[in-house]
Each structure stands twice: as structure tokens, then as C-alpha cells.
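Asks: Could you work out the structure for the sequence below:
(2 chains)
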Protein chains: 2
Amino acid sequence: MAKEQTALVISEKQLLEHWQGHRRLTRRLIEAFPEDKLFTYSVGGMRPFATLVMEMIGMATPNVIGVGTGNWSTYDANAGQGDNKPSTKEALLELWDKTTEDINSNWKKINQQRWQEVDLAYGQWEGPGYWILFYGIDNEIHHRGQGYVYLRSLGIEPPAFYER
Amino acid sequence: MAKEQTALVISEKQLLEHWQGHRRLTRRLIEAFPEDKLFTYSVGGMRPFATLVMEMIGMATPNVIGVGTGNWSTYDANAGQGDNKPSTKEALLELWDKTTEDINSNWKKINQQRWQEVDLAYGQWEGPGYWILFYGIDNEIHHRGQGYVYLRSLGIEPPAFYER
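Replies: Below you'll find the model as predicted:
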């Protein structure tokens, strides 16, 4: 019991670096797509990679702010679906990089007890802070894996999974 | 600095449950594949889902034992590629379930300082214990996401990502 409470599995700083490492890889996947395919191509009737990337972006900073402050009002399930939706690879990468900065600056504001504090994220999903943040990271890995299949089926060699 | 050292982001027990939750979802994906497609079907010249699953299995228990004990001799990059390779869905699920038990029993043996201790996994990859275990979990999420595309392109609705 005491062991479970005290062992340092991963620090806040390490988790941030772990995630940003994944995000650097996702960024390389965005770059690897031909511009038109990024917004239009998919397999099996799934969403194009740019739409999956917008889901990652729509969840990233709001999750960090929500866990950090308990304010879940900023979530927008349709983020980037309106007039502000990036329509070029350059604009998508720009929004990606802005998100990188927003994650970093809001990460510092997460109070340490929030990692284990149970909250109702977006008024809908109940769990401790770490659980909410892991959901967003895992969702990114999941959809990026799908992007690998899109690239392969386009005959494009994707960036190595182990490079972060 | 003190904050980084002491904040409990995720406990050992929570990380195990997080991973086993992912593994329950991966198991449902195996079940969702038609028997023949599981071993033969792929998109873009990639490996069939059963081969990806064998990679997950080949890495799972050896990672836990390696982090737990520093003994990396059990890794077999070709696990299940020989005569013992499962050739039916039932046999693959049986091996999956055996791995579930092996992970649980070896997890208890991880000494708490091993999470942060830097080791040379399999004599090749240097990093702290958490980093090695996260690599295996993330690799599973990555390849399972590819399995989602295989299922969708077969016209099969995959299990929901958020159900663990």
C-alpha cells in the first residue's frame, strides 16, 4: 500500500516530454502527407488525417487547462470545423506548433494534487487527472497509427515509430 | 524541482490497470477479425493483425521482467514465428490471456526504484524503466490503431476506442 503511494513511476516533467516526443512524431507524419491527400485521403471510409489531427488539437490544450484548473468550458468537439479550420498543410502545422506552446505553458500550472483528483471532464467523463491526459495522448497514438496505414497505402514510407 | 520529484502522476497499480484496460480492448479487436483475415489480411503491404499482435505479446512480459529484474535475456524478436506460432484465433487468444497473467504476476516484482533507474534494455535501448514499459504500451496502441483500419476496410465496425 505504502509502496503504491510513493513509487515515482513517471514525473510531470517526464510525462510532458513523453507526450511532446509523440507530438514531434505526429508532426513528421503531417509533413509526410502530400498536401491534397492530407485533407482528402482515407481508407475504409474513415476520416482524412487532417481531421484526425484536428481532433488531437481540439483535445490537447483544453485537457491540460481542464486538469490544471478544473475549467472544462473550453472544449470544442468541433474545433477547427468552422471558418477557422486550416485548409493547408502550412496552416495545420502552424496550429500544431501553437498547440505545442500552449501545452507547455499550461502544463506548468497543473497543481500536483490534480493528477490524482477525480474530476468530471467536460461535465461528462469522470476520472483522475492523469486518466484524462493519458486519454488524449493515447487517442493521438491511436489515430496516428491510422495515418501510418494511409501513408503506406499511398506508397509513402512513414517516419520511424521509435524516433521522437 | 521538489515538485517534480514528489507529485504522484500515476501509481504502479494505476499504470498496470491502464495497460490491462488497453489490452482488453486489443483482445476485443482480435475477436472482431474473421479467422482467416486475422492471419492474412492487411492494407498497404503491412503485416497482418495477428503478426502485429505477436509483436505485442513478444514484447509484453519480457519488458516487465526486464524492468523488474534487469534480466533482458528473455526477449525474442521472432517470438511466435517458429513452430509455436498460433495459427488459430483461439490459440492466439489463449496466448494473449496467458500473457495477461504473466504481466500481472511479474508486475508485483518490480522494485520501486526500477521505474526511474536507467537500464540498457535488451542490451540495445537505454532509458529509465517507465520509458521501456511505456514504449511497449504505446506500440500496442499504435498497431491496434492499424487494426482498426483493417477492420473498417473489411466493412467491420471495430469496438469503441474509449471502452476498456
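Asks: At the geometric centre of chain A, which residue sits there?
Replies: Centroid-nearest residue in chain A: A:M56, 4.0 Å away (criterion: CA atoms, centre = their mean).
Asks: Pass me the low-pLDDT residue ranges in chain A, would you?
Replies: A:1-5, A:74-84 (pLDDT under 70).
Asks: if you set the cut-off to 90 instead, what comes out?
Replies: Chain A contains residues with pLDDT under 90 at A:1-7, A:73-85.
Asks: Quickly note the distance from the residue nearest to the centre of chain A to A:E90.
Replies: Relative to A:E90, A:M56 is positioned 18 Å away (CB to CB, to the nearest Å). Backbone N, C-alpha and C define where each C-beta goes, glycine included.
Asks: and if you look at A:W115?
Replies: According to CB to CB, A:W115 and A:E90 sit 36 Å apart.
Asks: okay, these two: which has more neighbours?
Replies: A:W115 (21 against 10; other CB atoms under 10 Å in any protein chain shown).
Asks: What's the separation between the residue nearest to the centre of chain A and B:W107?
Replies: 30 Å.
Asks: now swap in A:A121 and tell me
Replies: Computed as CB to CB, the A:A121 to B:W107 distance reads 27 Å.
Asks: Tell me how many other residues surround the closest residue to A:T69 other than its chain neighbours.
Replies: Nearest non-adjacent residue to A:T69, counting by CB to CB, 6 or more residues apart in numbering or on different chains: A:K109, 7.0 Å away. Using other CB under 10 Å, A:K109 has 12 neighbouring residues.
Asks: Could you report the separation of A:K109 from A:T61?
Replies: 12 Å.
Asks: swap in A:G44?
Replies: Distance from A:G44 to A:T61, counting by CB to CB: 30 Å.
Asks: try A:L16
Replies: For A:L16, the distance to A:T61 - CB to CB - is 13 Å.
Asks: quick one, which of the two is more surrounded?
Replies: More crowded of A:L16 and A:T61, by other CB under 10 Å: A:T61, with 22 against 18.
Asks: for the more buried one, what are its contacts?
Replies: A:T74, A:T99, A:D102, A:I103, A:N106 (CB atoms under 8 Å, 6 or more residues apart in numbering or on different chains).
Asks: Dihedrals phi and psi, it?
Replies: Phi and psi for A:T61, reported as degrees, to the nearest 10, are phi -60, psi -40.
Asks: same thing with A:N63?
Replies: According to degrees, to the nearest 10, A:N63 has phi -60, psi -50.
Asks: Not counting its neighbours along the chain, what's nearest it?
Replies: Closest to A:N63 by CB to CB, 6+ apart is A:G136, at 4.6 Å.
Asks: How about A:Y148?
Replies: Nearest non-adjacent residue to A:Y148, counting by CB to CB, 6+ apart: A:P158, 4.7 Å away.
Asks: quick one: contacts for that neighbour?
Replies: The contact partners of A:P158, by CB under 8 Å, 6+ apart, come to A:L29, A:A32, A:G147, A:Y148, A:L151, A:R152.
Asks: Could you check how far it is from B:S153?
Replies: 17 Å.
Asks: and if you look at A:Q146?
Replies: 11 Å.
Asks: and for the two, which residues touch both?
Replies: With CB under 8 Å, 6+ apart, A:Q146 and B:S153 have common neighbours A:V43.
Asks: what about those two, which has more around it?
Replies: Under the criterion of other CB under 10 Å, the comparison of A:Q146 against B:S153 puts A:Q146 first, with 23 against 19.
Asks: which residues does that one contact?
Replies: Contact analysis of A:Q146 by CB under 8 Å, 6+ apart lists A:V43, A:M46, A:F49, A:L52, B:G145, B:Q146, B:Y148, B:V149.
Asks: Can you lay out these as TSV showing secondary structure?
Replies: Shown next, in TSV, are these (DSSP: H, G, I helix; E, B strand; the rest coil):
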residue	secondary structure
A:V43	coil
A:M46	coil
A:F49	helix
A:L52	helix
B:G145	helix
B:Q146	helix
B:Y148	helix
B:V149	helix
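Asks: so which of those residues comes closest to B:T6?
Replies: For those, the residue nearest B:T6 by CB to CB is B:G145; the value is 34.3 Å.
Asks: Contacts only, for the closest one.
Replies: A:I141, A:H142, A:H143, A:R144, A:G145, A:Q146.
Asks: Which residue is the nearest non-sequential neighbour of A:I156?
Replies: A:A32 (6.1 Å).
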